[in-house]
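J.: Dropping a prediction and its sequence here:
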Amino acid sequence: MTAPPITELIDAGTVQGIADEVWVAMLGEDEFLVPLPAELPTETVSAWVSVSGPWNGAVVLTCAPATAEELTRFVLQAHPPELLENGDVTDAFGELANVLGGNVKSLLPGPSKLGLPEVGTTPSAGSPVDTCRVDAVWRGHPLSITVQGAAAPVHPERNEVPL
C-alpha cells in the first residue's frame, strides 16, 4: 500500500516551520527565512535527499549558486575555509537538504528511508498534486524548498541509508 500524495500528508506551513527551525539551528539564531514568493534566477543549483517508503519522493532545496555559497559560509562559520571549494559547498549545502529531509521524513508514514544528500541540477518532480513547495527569501536571496513525489521509481538499495 502506498501513501497518499504529499499534499494530503503535510502542508506548506509545516514545511516552512521545519525550514525555520533548521535555519536557526544551522545558520544562527539571527538568520531567518521570509516566506515570500520570489522568482528564482535562471541559473540554479539544488541539494536534495530522497525519501523511500510508503511515500516516495525527495526534499529539494533550490537557489542560485552564489546563494548556495553564502549558505555554506554560514553553515561553516565555526571553521570556515579561507577559500570555498566545490566540495565545501556540496557538503554544507547537501547537509542543509539532509536535515530538512530528515525532519520531513519524521512526519511521513513509515518505515521510510532517507537517501544520501545530492547536489546538482534540480531533480524532476512527479505530479503537481504530489508536490508541496515553499518559496522564501534569505538575506534578499530567493530560494525554494520542495517536497516532491518521485518522477521515477526510487531504488533504496542504491543510495539510501535507514534512519
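T.: Structure received.
J.: Going by C-alpha atoms from here, please, whenever you check contacts or count neighbours.
T.: OK.
J.: For Q77, see how far away G102 is.
T.: Shown here: G102 relative to Q77, a distance of 22 Å by Cα to Cα, to the nearest Å.
J.: and if you look at T62?
T.: To Q77, T62 is 21 Å away according to Cα to Cα.
J.: Where do the helices of this protein begin and end?
T.: Assigned by DSSP state H, the chain shows helices spanning 12-27, 65-75, 86-105, 156-159.
J.: out of T62 and Q77, which sits in the busier spot?
T.: Using other Cα atoms under 10 Å as the criterion, T62 and Q77 rank with T62 on top: 25 against 13.
J.: Could you pull up the contacting residues of the more buried one?
T.: Neighbour list for T62: 44-47, 122, 143-145 [criterion: Cα atoms under 8 Å, 6 or more residues apart in numbering].
J.: For it, which non-adjacent residue is spatially closest?
T.: S46 (4.3 Å; Cα to Cα, 6 or more residues apart in numbering).
J.: residues in contact with the one you found?
T.: When contacts are counted by Cα under 8 Å, 6+ apart, S46 is found next to 60-63, 119-122.
J.: Quick one, grab the pLDDT at it.
T.: Note on S46: pLDDT of 97.
J.: now M1
T.: Here, the pLDDT recorded for M1 equals 57.
J.: same question, the one 4 residues further on
T.: With respect to pLDDT, P5 scores 92.
J.: circling back to that earlier point, got the contacts of S46 as CSV, with distance to L108 and pLDDT columns?
T.: Formatted as CSV, these follow (distance: Cα to Cα, whole Å; pLDDT from 0 to 100):
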residue, distance to L108, pLDDT
V60, 16, 98
L61, 18, 98
T62, 22, 97
C63, 25, 97
V119, 23, 96
G120, 25, 94
T121, 25, 91
T122, 22, 88
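J.: buried subset of those?
T.: 60-63, 119, 122 (16 or more other Cα atoms under 10 Å).
J.: Tell me which two of those sit farthest apart.
T.: The span of these, defined through Cα to Cα, is set by C63 and V119 at 11.4 Å.
J.: Identify the contacts common to these two.
T.: Listed as contacting both C63 and V119 by Cα under 8 Å, 6+ apart are 45-46.
J.: Low-confidence stretches in this structure?
T.: Low-confidence segments of the chain (pLDDT under 70): 1-2, 78-81, 152-163.
J.: quick one: contacts for the closest residue to W48 other than its chain neighbours?
T.: Among residues not flanking W48 along the chain, V60 sits closest, at 4.3 Å (Cα to Cα, 6+ apart). Neighbouring residues of V60 by Cα under 8 Å, 6+ apart: 46-49, 97, 122, 144-148.
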